[in-house]
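**Student:** A predicted structure for the sequence below; I have some questions about it.
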Amino acid sequence: MSSRPRILDPQAIPVESVDTHLPPLPLERLRPEFVRQRLAWWSAAASQGSHLPGDESWSPSAAPEQSRPAAVLVPLVARPEQVTVLLTMRTSHLHDHAGQISFPGGRQEESDASPVATALRETEEEIGLQASHIDILGSLPEYFTGTGYRVTPVVGWVTPPFALKPDSFEVAEIFEVPLQFLMTPANHQRRRFDWQGGSCRFYAMPWSVGAVPDAPSYFIWGATAGMLRNLYHLLSEP
């Protein structure tokens, strides 16, 4: 029997709770200087064994030393009206996480000098965003996925204008979501289901482009939502 569930329709899984009691992040905490400062604080704290609370949904399907290293870029885009997060929708034929909302990124190669190098290389390969537009602010805690990856989320500040060229094999769509929406816990749903005598939970952050009929909507969940939840925890720390 599989050690992890395969969720075919995450939107059908009931919402257990929503964190309406937690405050949204103020705008001053969404600026690059503050994000860089908090990521530097986390790097120092992690070296002393500190733990950042976050998505408790998944445990790694393999022991940490057996997990495959990977890295993603968490691209914070400095739009004139607001900061956004650039996300991709994966194509439906991929083996892992087909059709899901993801950050650009992938498996670390032997030629990559660091997780940052992996994130930048994969980002250019997947969506054509060049490193010259990206200012690396730091990294979030490693995230273990149910598919056996140990993912380093690398946070980057992206300065427009820039041109994108998606890899049609991997990327079905590229879109942006306001960072303030994602850093508002009232938009963080905990969803729960029973599995092999226990229960599993994951975060979801459904987002719609607008309230008009037929407006595009996106179901952000799983590892992507869990990493965003970790970003909220990190930036909300006093």
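**Tutor:** The structure has been received and is ready for your questions. Residues are numbered from 1 along each chain as shown.

**Student:** Could you list the low-confidence segments of the chain?
**Tutor:** Applying pLDDT under 70 to the chain flags residues 1-5, 49-65, 93-99, 211-213.

**Student:** how about the helices in it?
**Tutor:** Secondary structure of the chain (DSSP state H): helices at 32-47, 115-127, 179-182, 222-236.

**Student:** can you put those helices in CSV and add distance to Q66?
**Tutor:** Yep, even glycine has a C-beta here, placed from its N, CA and C like the rest. CSV is the format used below for the helices of the chain (distance: least, CB to CB, whole Å):
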stretch, distance to Q66
helix 32-47, 21
helix 115-127, 18
helix 179-182, 31
helix 222-236, 18
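
**Student:** Turn these into CSV, columns for mean neighbour count and distance to V151.
**Tutor:** Below are those laid out as CSV (neighbours: other CB atoms under 10 Å; distance: least, CB to CB, whole Å):
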stretch, mean neighbour count, distance to V151
helix 32-47, 15, 15
helix 115-127, 22, 9
helix 179-182, 20, 18
helix 222-236, 22, 7
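
**Student:** Compare the ones you listed and report which one is nearest to G156.
**Tutor:** helix 115-127 (7.6 Å; CB to CB).

**Student:** who touches the closest one?
**Tutor:** Helix 115-127 has contacts (CB atoms under 8 Å, 6 or more residues apart in numbering) with 69-73, 75, 86, 88, 104-109, 112, 129-131, 134, 136, 139, 152, 154, 156, 164-167, 170-171, 174.

**Student:** now swap in stretch 208-226 and tell me
**Tutor:** 7, 10-11, 54-55, 57-58, 87, 89, 97, 100-103, 143, 145, 151, 175, 177, 182, 188, 191, 202-207, 228.

**Student:** Go through that stretch and flag the buried ones.
**Tutor:** Buried residues in stretch 208-226, counted by 16 or more other CB atoms under 10 Å: Y218, F219, I220, W221, G222, A223, T224, A225, G226.

**Student:** rewinding a little: buried subset of the contacts of helix 115-127 as a PyMOL selection?
**Tutor:** One line in PyMOL is enough to select the buried members of the contacts of helix 115-127, burial here meaning 16+ other CB under 10 Å:
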select buried, resi 70+71+72+73+75+86+88+104+105+106+108+112+129+131+134+136+139+152+154+156+166+170+171+174
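
**Student:** Now intersect the contacts of helix 115-127 with the strands, please.
**Tutor:** Filtering the contacts of helix 115-127 for membership in strands, criterion DSSP state E, returns 69-73, 75, 86, 88, 105-107, 134, 136, 139, 152, 154, 156, 171, 174.
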